[in-house]
Structures are given as C-alpha cells and as structure tokens.
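Participant: This is a predicted model, with the sequence first.
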Amino acid sequence: MFRYTIIVFVLLSACSRNAKTADIDPRIINEMSHDDRTTPSRFDIDFFVRCKDGKVAMLNEPALWGIYRENEKNMSYEKFLDLTLNQKKSVEDSSILNASDCVLLDQQITHYYQSHNLKDFLLEYFTNENNSWRLRDGYSKSQIISISYYCFINNKFLQYDDYIGIYTLIEPYELFPKK
C-alpha cells in the first residue's frame, strides 16, 4: 500500500511542474528569417538564447541576425533561429554577444517555475486584467529578465509599454494581423 501511495504522490507532483516548454511559433521564425534587413524589425519583443555555463542572454532580432552572420556558415538563418530560440543550441561569443551579456537566472524565480505549473507561475507574477496578463510591480531588472525568460520558453512574450510604464504578456497570434 505504501508503494502505491508513493507512486501516486510522484505522479501528482510531476504533473504540477513545468517539464515541457512550447516551441516558438514557427510564423515568427519564418518571418524573421525572410525579413528585409534594410527596414527595422517589426518584432519589438525580446528573444532569449542560451549561453555557456547555464546562462541566458536577452537579444533583439537585429542582434540575432548579427550573431548568425558572424558564426553560422553551415546552416540557414531559419534553422539557426529554430535551434537557438527553442533553446536547443547555445550561442557562442561574438562581437555582438560576449560573456558579460549572459546572465544567470534568478534562483528564486527559477525554483518557483520548476516547482509549479505555468498557470500558477503566471498567477504568482502577473495580474490577469480583462484577459490580459500584466506584470506586477516591484521586481528588479534581473527578476524581470528571469520572469520574461520563463514566459518566452513557453511561447509568451513580455512587452513593455513605455507610454503607461507596464509590462504585459502577449501571445504569438497577437503579433500577426488577422486576414
């Protein structure tokens, strides 16, 4: 009987944790890989890539293009974006990204993310107002980066509205106009 109790406990606790992440919406990768480099990127969101030593870096789309141009000669830009944005390949040092740009994630936020499901994670750090998630106030820059990273790997993007001074979560479908 004790053995069955332990098995049930392990199964229940495993179901409540963030074990799997969502791949970045392929429309984003496709549009970025075929984008015109002479115009500004239409993606005003931050992207995250893995660095060495378990660190991450927050980059914009032009920085990703620059890193690709410096390093990756054996794969397409689309493949590079797919691997790096989905955290399957780490990014090497370059003139655009060096070791000082890579940061460790906040341990407390990491622990909370790993021990709770995504919905509980969002409820801990965001308020849900009118079907929109707004980041609660009072976080340091490193905490915001960590929260943003865990949202990013679940295909949710933190966007800053500098007009009213708040961060909100946006979904991939919000980045593409309805046809």
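Facilitator: Nice, I can see it. Bear in mind the structure is a predicted one, so any value in this text is a computation, not a measurement.

Participant: Pop the domain breakdown of the protein in here.
Facilitator: Domain assignment for the chain by automatic domain parsing gives 26-32+43-101, 107-175.

Participant: For the first one, measure first residue to last.
Facilitator: Yep, that's domain 26-32+43-101 we're talking about. With CA to CA, to the nearest Å as the measure, domain 26-32+43-101 spans 26 Å from end to end.

Participant: Now that domain: average pLDDT?
Facilitator: Mean pLDDT, taken over the full extent of domain 26-32+43-101, equals 88.

Participant: What helix or strand is T168 located in?
Facilitator: Following DSSP states H and E, one finds T168 within strand 166-170.

Participant: got the buried residues for that strand?
Facilitator: Y167, T168, L169 (16 or more other CB atoms under 10 Å). For every residue, glycine as well, the C-beta is placed using N, CA and C.

Participant: of those residues, closest to S94?
Facilitator: Y167 (28.1 Å; CB to CB).

Participant: what's the pLDDT at the most centrally placed residue in the chain?
Facilitator: Closest residue to the average C-alpha location of the chain: F152 at 2.0 Å, with CA atoms, centre = their mean. You'll see F152 listed with a pLDDT of 96.

Participant: D101 versus the nearest residue to it once chain neighbours are set aside, what's the distance?
Facilitator: Closest residue in space to F152, ignoring its immediate chain neighbours: F48 at 4.9 Å, by CB to CB, 6 or more residues apart in numbering. F48 is 12 Å from D101, where distance means CB to CB, to the nearest Å.

Participant: where along this protein do the strands fall?
Facilitator: Under the criterion DSSP state E, strands of the chain are mapped to 47-50, 56-59, 126-129, 132-135, 157-161, 166-170.

Participant: Rebuild those strands as a markdown table, extending it with distance to I67.
Facilitator: Output for these, formatted as a markdown table (distance: least, CB to CB, whole Å):
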| stretch | distance to I67 |
| --- | --- |
| strand 47-50 | 8 |
| strand 56-59 | 8 |
| strand 126-129 | 30 |
| strand 132-135 | 27 |
| strand 157-161 | 19 |
| strand 166-170 | 24 |
